[in-house]
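In: Sequence and predicted structure, then a few things I'm wondering about:
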Amino acid sequence: MPELSRLPTPVAESWDWQLRAACRGRDNAVFFHPRNERGSHREERERHAKAICAHCPVLAQCREHALTVEETFGVWGGLGESELRDLIAYRRRTARLSP
Ligand code: SF4
């Protein structure tokens, strides 16, 4: 579940990158799993989503957004859910260690 308090302010410049997203207009079902999806179905769907992300001109912005708001549902910035969870946990650990 994303941390809503971390969302950018409602200013167009904070969200305009989404207008150039490679996933714009595509079926969301590629990026967000249905309930109880498991195993090879999930792997294949994520592989397809990541292939779209690989050619996305705003991959970096999308990934940073997902990590900032701690989004762990779906594929964002070319990362799957377990990768997002791992990076978010890493950021939290390193943030605690920072002076
Ligand atoms: S990186 Fe992937 S999920 Fe993010 S905007 Fe681009 S295509 Fe969509």
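Out: Everything's here; your move.

In: For the residue nearest the centre of the chain, which non-adjacent residue is closest in space?
Out: Within the chain, one residue has its C-alpha closest to the average C-alpha position: by CA atoms, centre = their mean, that is Trp76, at 2.1 Å. Leaving aside its chain neighbours, Trp76 sits nearest to Ala66 (3.5 Å; criterion: CB to CB, 6 or more residues apart in numbering). (Glycine included, C-beta is placed from N, CA and C.)

In: Tell me the buried residues in the strand or helix carrying the one you found?
Out: Of the helices and strands defined by DSSP states H and E, Ala66 is found in helix 59-69. For helix 59-69, the neighbour count (16 or more other CB atoms under 10 Å) marks Leu59, Gln61, Cys62, Arg63, His65, Ala66, Leu67, Val69 as buried.

In: just checking, the residue nearest to the centre of the chain touches Leu84?
Out: Yes. The pair Trp76 / Leu84 is scored as a contact, 6.4 Å apart, by CB atoms under 8 Å.

In: which neighbours do the two share?
Out: Shared between the contact lists of Trp76 and Leu84 (criterion: CB atoms under 8 Å, 6 or more residues apart in numbering) are residues Ala66.

In: ok, the residue nearest to Trp76 - contacts?
Out: Each residue near Ala66 by CB under 8 Å, 6+ apart is listed here: Trp76, Gly77, Leu79, Leu84.

In: what about 7 Å?
Out: Residues in contact with Ala66 (CB atoms under 7 Å, 6 or more residues apart in numbering) are Trp76, Gly77, Leu84.

In: Would you mind giving these as TSV with distance to the ligand, secondary structure and pLDDT added?
Out: Shown next, in TSV, are the contacts of Ala66 (distance: CB to the nearest ligand atom, whole Å; DSSP: H, G, I helix; E, B strand; the rest coil; pLDDT from 0 to 100):
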residue	distance to the ligand	secondary structure	pLDDT
Trp76	5	strand	98
Gly77	5	coil	98
Leu84	11	helix	98
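
In: So what's the residue count around the residue nearest to Ala60 when sequence neighbours are not counted?
Out: With CB to CB, 6+ apart as the criterion, Ala60 has its nearest non-adjacent residue at 7.3 Å, and that residue is Gly77. Burial of Gly77, expressed as a neighbour count using other CB atoms under 10 Å, amounts to 21.
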